[in-house]
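# Compute the structure for the input listed below.
(chains A and B)
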Amino acid sequence: MLTIDGLTKRRGGRAVLSEVTFRARPGRVTGFLGPNGAGKSSTLRVLLGLDRADAGTALVDGRRYRDLVAPLRTVGSMLDGAGAHRSRTARNHLAWVARSNAIPRRRVDEVLAQVGLADAARTRVGRFSLGMGQRLGLAAALLGDPPVLVLDEPTNGLDPAGIRWIRGLLRARADAGATVLLSSHLMGEVAEIADDLVVIAGGRVVATGPVDEVTAGYRTLEDAFFGLTGGGR
Amino acid sequence: MGGAVAAELVKIWTLPAAAATALGTALAAALLTGVVAASADGIDAVAAVLAVVPPLQVGPVLLGVLIVASEYSGTQARTTLTAVPDRTVALVGKTTAFLVAVTATSAASCAAGLVVARVVAGGTASPSPVAGAAAHLALIGLLAFALALLLRALVPALVGALGTLLVVPPMLASVTEHARWLPDRAGSALYLPDSAAVLAPGVGLLVLVGWITVVGGAAAWAFLLRDA
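Sure thing, here's the model as predicted:
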């Protein structure tokens, strides 16, 4: 369970997050939806202990991310890109990540195979395509076999087959009891996979609830997105 | 904590530029010392090693700056801090791993230089100043590491460190005796104890450690508090 309560953050005098509050529950895929610059990434960065909030809390099963021991065994995360240095190979990147959280070394080759990068294990990350970088980021998120997944725009740069594959993977994880939070700026894409939606615009949560409730009363998913976020004109 | 240190050691070892810098520094030490030993008549092997310490400083400086800058040239810093979210543990882990790497590099470089110089020039002088030179090189590397952590960028850190260590000292030394307070001059007291221009060994060490404390303190404060 992810519990975000009253998260507020200002940057350079401008409020990037205002009282952001929502839950992401186990066994469900929660879509975190909003236009670019709405505060999705800022929320996830605070949740993952990368940035500090001026007020409010973001908790993983009741604990701050920074207080987790071996956090990668609890929360797998992927923010934009691979999160790896370009001159290191995919396998070496995952090797140090595994070492940092006492994750068995065999998991490195397992997740590389799982995301379809087994043949690129010895390739330097700088030679990866955007889609391969996303797959490597996902491999790092899966490394500790965590019960919680937090993914920022995971389908960026993936081809249609890759998008279909990641949907299946996240669905299976949630069905097995995992908490899955994924952000996107594409309503159609999120509605395909999410059980719940959290819609954010201008740093404020404007709607939360099951997908059919949030989108009720709109003719199309696109209408719902623009209607809720106040954009499109 | 052990996991954080081990992970950072793996990171250094698998960063090609860092491994190349460590190896290159040792090779350069052997080569330069060999040239000095061969070209100066009657020079002692130990003196030949000490003569090449100033240019060798480039090695540990590069090592420190490259290791930190590789975190910030892309998005790796984010992976580091999600893997080890306790900033104090992350900082201590990274610094410890760097100290291991820079000490090994400095010691291996000085040892390689001494072996080559002994073969080329011979000499019976006590090798203890060479150990001081290795300590100086490691501390200079630590200073560059701290500066890079404060600036979080390759070029400004490299320009700042190399400027302070290699460019400014000779210029300033021609103008004022206060150049002895600069980090590389102060540290040179560790291996040039009889030079009149520098400080006593203990004072020199204290001054260099003072530089590291000031820059490192600012870097640690920034690392612990600022957003990733």
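# Mind picking out the helix or strand in chain B with the poorest mean pLDDT?
Using mean pLDDT, DSSP states H and E, helix B:168-173 stands out as the lowest-scoring helix or strand of chain B, at a mean of 85.
# And the strands in chain A, which stretches?
Counting by DSSP state E, the segments of chain A that form strands are A:2-11, A:14-24, A:29-33, A:55-60, A:63-64, A:75-78, A:148-152, A:179-184, A:196-201, A:204-210.
# out of those, nearest to chain B?
Proximity of the strands of chain A to chain B was assessed by Cβ to the nearest Cβ; the nearest stretch is strand A:75-78, lying at 5.6 Å. For every residue, glycine as well, the C-beta is placed using N, CA and C.
# Specify the angle between the lengthiest helix in chain A and strand A:179-184 in degrees.
Of all the segments of type helix in chain A, defined by DSSP state H, the longest one is helix A:160-175. Here helix A:160-175 runs at 150 degrees with respect to strand A:179-184, directions being taken by axes from the mean of the first three to the mean of the last three Cα atoms, to 10 degrees.
# So which bits of helix A:160-175 are buried?
Using 16 or more other Cβ atoms under 10 Å in any protein chain shown as the test for burial, helix A:160-175 gives A:162, A:163, A:165, A:166, A:167, A:169, A:170, A:173, A:174.
# Just give me how far that helix sits from the chain centre.
On the basis of Cα atoms, centre = their mean, to the nearest Å, the separation between the geometric centre of helix A:160-175 and that of its chain is 13 Å.
# Who are the contact partners of the spatially most central residue of chain A?
Centroid-nearest residue in chain A, with Cα atoms, centre = their mean: residue A:151, separated by 1.4 Å. Residue A:151 is in contact with A:77, A:78, A:138, A:141, A:170, A:180, A:181, A:182, A:183, counting by Cβ atoms under 8 Å, 6 or more residues apart in numbering or on different chains.
# Please repeat the previous calculation with a cut-off of 10 Å.
Residues touching residue A:151, when contacts are defined by Cβ atoms under 10 Å, 6 or more residues apart in numbering or on different chains, comprise A:32, A:44, A:76-79, A:134, A:137-138, A:141, A:166, A:170, A:180-184.
# ok, now residue B:205?
Contact criterion Cβ under 10 Å, 6+ apart gives B:132, B:135, B:136, B:139, B:186, B:187, B:189, B:190, B:199 as the residues in contact with residue B:205.
# secondary structure class for it?
Assigned by DSSP: H, G, I helix; E, B strand; the rest coil, the conformation of residue B:205 is helix.
# For residue B:91, see how far away it is.
Distance of residue B:205 to residue B:91, given as Cβ to Cβ, to the nearest Å: 23 Å.
# now swap in residue A:214 and tell me
With the distance defined as Cβ to Cβ, residue A:214 ends up 42 Å from residue B:91.
# ditto for residue B:135
For residue B:135, the distance to residue B:91 equals 22 Å [Cβ to Cβ].
# Ok, residue A:102 next?
Distance of residue A:102 to residue B:91, given as Cβ to Cβ: 20 Å.
# Between these two, point out the one with more neighbours.
Between residue A:102 and residue B:91, counting by other Cβ atoms under 10 Å in any protein chain shown, residue B:91 is the more crowded of the two (18 against 15).
# doesn't the more buried one fall inside a helix?
Yes. Assessed with three-state DSSP, residue B:91 lies in a helix.
# Let me know the helix or strand that the residue nearest to it when sequence neighbours are not counted is in.
In space, and not counting its chain neighbours, residue B:91 is closest to residue B:223: 5.4 Å by Cβ to Cβ, 6 or more residues apart in numbering or on different chains. In the assignment (DSSP states H and E), residue B:223 maps to helix B:201-225.
# Report the buried residues of that helix.
Judged by neighbour count using 16+ other Cβ under 10 Å, the buried positions of helix B:201-225 are B:201, B:204-205, B:207-209, B:211-212, B:215-216, B:219-220, B:223.
# Now for the residues you listed: which two are most distant?
The most widely separated members of those are B:201 and B:223, with 31.4 Å between them, by Cβ to Cβ.
# Okay, now the unreliable bits of chain A?
A:231-233 (pLDDT under 70).
# Now do the contacts for residue A:197.
Contact analysis of residue A:197 by Cβ under 10 Å, 6+ apart lists A:22, A:29-33, A:187, A:190-191, A:207-215, A:224-225, A:228.
# and with 7 Å instead?
Under the criterion of Cβ atoms under 7 Å, 6 or more residues apart in numbering or on different chains, the contact partners of residue A:197 comprise A:31, A:33, A:190, A:207, A:208, A:209, A:211, A:214.
# next one: residue A:77
For residue A:77, the contact set (Cβ under 7 Å, 6+ apart) comprises A:48, A:141, A:150, B:82.
# ok, the second one to residue B:66 distance?
Look at residue A:141 and residue B:66: by Cβ to Cβ, they are 27 Å apart.
# Likewise for the third one?
With distances defined as Cβ to Cβ, the gap from residue A:150 to residue B:66 amounts to 31 Å.
# quick one, which of these two is more surrounded?
Counted by other Cβ under 10 Å, residue A:150 and residue B:66 do not tie: residue A:150 has more neighbours, with 28 against 23.
# Can you tell me the closest non-neighbouring residue to that one?
Of all residues not flanking residue A:150 in the chain, residue A:77 sits nearest, at 4.3 Å (Cβ to Cβ, 6+ apart).
# got it, and residue B:212?
The shortest distance from residue B:212 to any residue that is not its chain neighbour, by Cβ to Cβ, 6+ apart, is 5.1 Å, and that residue is residue B:143.
# Then residue A:70?
Skipping the residues right next to it in sequence, residue A:70 comes nearest to residue A:101 by Cβ to Cβ, 6+ apart, at 4.4 Å.
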